[in-house]
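Asker: got a predicted structure here, sequence first:
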Amino acid sequence: MYGGDTLIPGSFDYLAAHSINEAVALLDQHGEDAKVLAGGQSLIPLLRFRLASPAILIDINRIDGLDYLREMNGTLHIGALTRESELDNSSLIRERYPILFDTSAVVADPVVRNWATVGGNIAHADPANDHPATMLALGARIVAVGPAGERVIPIEEFFTDLPFETTLHPNELLTEIRVPAPVQGSGGAYVKLERKVGDYAIAGVAAYITLDTNGNVSYAGIGLTNVGQAPIKARNAEQALLGKPLNDAGIHQAADLAAAASQPISDTRGPAEYKRDMVRTLTVRALRKALARATGGE
Amino acid sequence: MSTHHISVTINGTSYEGDVDSRTLLVHWIRDTLRLTGTHIGCDTTSCGACTILVDGKTTKSCTMFAVQADGRQLMTVEGLEQNGKLHPLQEGFHEEHALQCGYCTPGMMMSGLALLQHNPSPTEHEIRVGISGNLCRCTGYVNIVKAIQYAAEKMQAAEEVPVSAGQGGE
């Protein structure tokens, strides 16, 4: 029926869930045989290339009320099914969370962003995806719902050292991402170097800082995109920034430490040394932009 | 492999059918419904030739299963022309010579349409961002941008007629 040279996924059973409980029950029943279909913008290409061939797809797009952006009591709650385009178009995100606005704006392309979800971008755990680095920088928390109820996972415990792997159980659904609301003196930025719109990052760096009333750094988060097996939290770079004013020397020291934390490989996007160098440069840029935003300069 | 009965509205016409779970929306539209205006370019979610509107949002129809479209409103490039009259976008692509091989054209027009629906008078930069999910290998995009500008002006002018005729604005 179809042309011989088109890419067709392997066979699977399609099940549509209409509530979180129904999705969790289906995951509990089918476990490792099932994959969750959210925006599908990464999963469907993987199925077409037959890099994944789950027996069952559980479509969560018909679950009402899983797409929202709500700031309450010092926390931004992002529903897992929130589309990237909703971040693009949200004045709350643009004004209060420019680091998230930076991030969604460079996820794939505008057509993909109409379906691609924030929850999917994180749960897929592709080190080339953009939100993991940003969420690591922000110190986000992940809400997972399973048969026994809900648990909250700090983002640094959500990813493992392996690509496409998380600490979610096979019968758990990622339902929400919680991001700390900005406080006085906080600011962040995400900068991505890409060959063209729609490509994965050559390298990307997310930085988030908070300055106390004396101008010293009281929080620093730095996340790296596509320069390792998994999303990377540059802990040494974060530590080096704490307790001091954020000056040029400190920014460059942190950038050197972030570059040292990266583990890029040579591929079509460039040699490893080049990518490590770009991590250094992008860290400087992200920290400067974060500082400008933290001090009302942007 | 599960089979599913779906009902979809495309360009105002209702269609029904049974689809395999793995049938991609673009294949159902082209091969089953024979609406071949929507093209398949890269098969890998990159090029945007298969862009259609699903509930008003641009969508790469090679990256959605047909079963997911059940109950939704779709628009393909065939829906642009009304009563034998070309849509301003189609006219713009003709007037500004915005295509050479024509392969990307249906997707470009659908992205152009979605852009103009949300932003009736976009800047050149906004147009370039708006079509950044669609690849053209012939034109260098210059004339595509001009075509969308042509359509924007024409659609704006058409909007202004009733206002000047005293029928009021919003």
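Answerer: Noted; the coordinates are in hand.

Asker: pLDDT of the one helix or strand residue B:152 maps to, averaged?
Answerer: Using DSSP states H and E, residue B:152 falls within helix B:142-162. Helix B:142-162 shows a mean pLDDT of 92.

Asker: what's the end-to-end length of stretch A:137-145?
Answerer: Distance across stretch A:137-145, first residue to last, is 24 Å (CA to CA, to the nearest Å).

Asker: cool, and stretch A:136-148?
Answerer: From its first residue to its last, stretch A:136-148 covers 27 Å (CA to CA).

Asker: now that stretch: average pLDDT?
Answerer: On average, stretch A:136-148 scores 98.

Asker: got the CA positions of the helix holding residue B:152 in PDB?
Answerer: The C-alpha coordinates for helix B:142-162 follow below in PDB (Å, rounded to 0.1, in the frame of the first residue of the first chain):
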ATOM      1  CA  VAL B 142      13.800  35.400  -0.200                       C
ATOM      2  CA  ASN B 143      10.800  35.100  -2.500                       C
ATOM      3  CA  ILE B 144       8.900  32.900   0.000                       C
ATOM      4  CA  VAL B 145       9.200  35.800   2.500                       C
ATOM      5  CA  LYS B 146       8.000  38.200  -0.200                       C
ATOM      6  CA  ALA B 147       5.000  35.900  -1.000                       C
ATOM      7  CA  ILE B 148       3.900  35.900   2.700                       C
ATOM      8  CA  GLN B 149       4.300  39.700   2.800                       C
ATOM      9  CA  TYR B 150       2.200  39.900  -0.300                       C
ATOM     10  CA  ALA B 151      -0.500  37.700   1.300                       C
ATOM     11  CA  ALA B 152      -0.400  39.700   4.500                       C
ATOM     12  CA  GLU B 153      -1.000  43.000   2.700                       C
ATOM     13  CA  LYS B 154      -3.700  41.500   0.600                       C
ATOM     14  CA  MET B 155      -5.500  40.000   3.600                       C
ATOM     15  CA  GLN B 156      -5.100  43.200   5.600                       C
ATOM     16  CA  ALA B 157      -6.600  45.200   2.700                       C
ATOM     17  CA  ALA B 158      -9.500  42.800   2.500                       C
ATOM     18  CA  GLU B 159     -10.100  43.100   6.200                       C
ATOM     19  CA  GLU B 160     -10.200  46.900   5.900                       C
ATOM     20  CA  VAL B 161     -12.900  47.100   3.300                       C
ATOM     21  CA  PRO B 162     -15.800  46.400   5.700                       C
END
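
Asker: what residues sit buried inside stretch A:180-193?
Answerer: A:180, A:182, A:185, A:186, A:187, A:188, A:189, A:190, A:191, A:192, A:193 (16 or more other CB atoms under 10 Å in any protein chain shown). (C-beta placed from N, C-alpha, C; glycine too.)

Asker: scratch that, stretch A:131-149
Answerer: By neighbour count on 16+ other CB under 10 Å, the buried set for stretch A:131-149 is A:131-146.

Asker: same question, stretch A:163-176
Answerer: Neighbour counts using 16+ other CB under 10 Å place A:164, A:166, A:168, A:171, A:172, A:173, A:174, A:175, A:176 of stretch A:163-176 among the buried residues.

Asker: including distance to chain B, could these go into JSON lines?
Answerer: JSON lines is the format used below for these (distance: CB to the nearest CB, whole Å):
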{"residue": "A:164", "distance to chain B": "17"}
{"residue": "A:166", "distance to chain B": "22"}
{"residue": "A:168", "distance to chain B": "23"}
{"residue": "A:171", "distance to chain B": "21"}
{"residue": "A:172", "distance to chain B": "23"}
{"residue": "A:173", "distance to chain B": "18"}
{"residue": "A:174", "distance to chain B": "20"}
{"residue": "A:175", "distance to chain B": "20"}
{"residue": "A:176", "distance to chain B": "23"}
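
Asker: okay, those in TSV with pLDDT and secondary structure next?
Answerer: As requested, the buried residues of stretch A:163-176 are exported to TSV (pLDDT from 0 to 100; DSSP: H, G, I helix; E, B strand; the rest coil):
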residue	pLDDT	secondary structure
A:164	96	coil
A:166	98	strand
A:168	97	coil
A:171	97	coil
A:172	98	coil
A:173	98	strand
A:174	98	strand
A:175	98	strand
A:176	98	strand
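
Asker: which one of those residues sits closest to residue B:31?
Answerer: Set against residue B:31, the nearest of the buried residues of stretch A:163-176 by CB to CB is residue A:164 (32.0 Å).
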